[in-house]
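Undergrad: Predicted model and sequence follow; I will ask about them next.
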Amino acid sequence: MEHMQSGYVNRHDGDVLHSIAYVAFQELATRISHRNTGRATGDPIAEQLLARVAADENLHMVFYRNLLSAAFELEPDRAMRAVADVAAAFQMPGANIAGFGRKAVAIALAGIYDLRQHRDEVLAPVLRQWNVWDRTDLRGDGERAREQLAAQMSELEAQAARFEERREARNHRYA
C-alpha cells in the first residue's frame, strides 16, 4: 500500500528514452520475479495465477523493448546512453518502501530474484535483442555508454558470483 500511495519516480523523469529503457528492464524483471514467486509458493493455484501475471508482464516488456529498438534506429547514441544509465542505476519498483533492502535480500536468498537473474535473465537478453555489443552506428557518447555498460556487466558478474558463494555458504550452515 505504501508503494501505491507514494508512487515511483524514475531517476530520469522527463527523459523518454531513459523511461522506456527502465520499463523494458523492469517489466522483464517483474515477470521473472512473479513467475519464481508462484513456483516458490508450492500452491498450484497461486502458481497458475502468478504465471498469468508474469505472461502479462512479458507482453509489456516486449512492447517497451520494441519501442527502444526503434529508438536505437533513430538515435543510437542517445538510446545507448539511456540504456547504460538505467542499467547502472536500476532499482525494482518498491525500492522506496521502508525495509525494502531486507526484503530484497530475503527474495534473493530464496532464489526468487537475485543479481545473477538480473544480469543473465534480464539485462543480457534485452541487450542482445538491441544488438548493443555489435552495433556499428555508435559515436562519441554512445560508444562511451557502451563501454560503461560492458564494465557494469562485468561488475554485476563479479557481484553475482560473490552473492552466490555467500548464499551457498549460508545454506550449508543452516542445512
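TA: Noted; the coordinates are in hand. Just so we're clear, the structure is a prediction, and the values are computed from it rather than from any experiment. Numbering: from 1, shown residues only.
Undergrad: Is there a neighbour count for Leu50? I'd like the number.
TA: 20 (other Cβ atoms under 10 Å). (Each C-beta comes from the backbone N, C-alpha and C, glycine too.)
Undergrad: Now whichever helix or strand it is part of: average pLDDT?
TA: Using DSSP states H and E, Leu50 sits within helix 44-74. On average, the pLDDT along helix 44-74 is 96.
Undergrad: Could I get the buried residue list for the helix or strand following that helix?
TA: The element immediately downstream of helix 44-74 (helix or strand, assigned by DSSP H and E) is helix 76-89. Neighbour-count burial for helix 76-89, counted by 16 or more other Cβ atoms under 10 Å, picks out Pro76, Asp77, Arg78, Ala79, Met80, Arg81, Ala82, Val83, Ala84, Asp85, Val86, Ala87.
Undergrad: Just give the nearest non-adjacent residue to the first one, would you?
TA: Leaving aside its sequence neighbours, Pro76 sits nearest to Asp137 (Cβ to Cβ, 6 or more residues apart in numbering; 4.5 Å).
Undergrad: For that neighbour, report the pLDDT, please.
TA: 98.
Undergrad: and the gap between it and Asp77?
TA: Asp137 is 8 Å from Asp77, where distance means Cβ to Cβ, to the nearest Å.
Undergrad: Gly111 now?
TA: 38 Å.
Undergrad: Kindly report the same for Gly42.
TA: 48 Å.
Undergrad: again, but for Arg166
TA: For Arg166, the distance to Asp77 - Cβ to Cβ - is 38 Å.
Undergrad: same thing with Arg162?
TA: Counting by Cβ to Cβ - Arg162 and Asp77 are separated by 33 Å.
Undergrad: what do you get for Glu143?
TA: 8 Å.
Undergrad: same thing with Thr41?
TA: 44 Å.
Undergrad: Ok, Ala161 next?
TA: For Ala161 relative to Asp77 (Cβ to Cβ), the value is 32 Å.
Undergrad: Now for the closest residue to Arg39 other than its chain neighbours: which residues touch it?
TA: Spatial nearest neighbour of Arg39, excluding adjacent residues (Cβ to Cβ, 6+ apart): Glu47 at 6.0 Å. The contact partners of Glu47, by Cβ atoms under 8 Å, 6 or more residues apart in numbering, come to Gly38, Arg39, Thr41.
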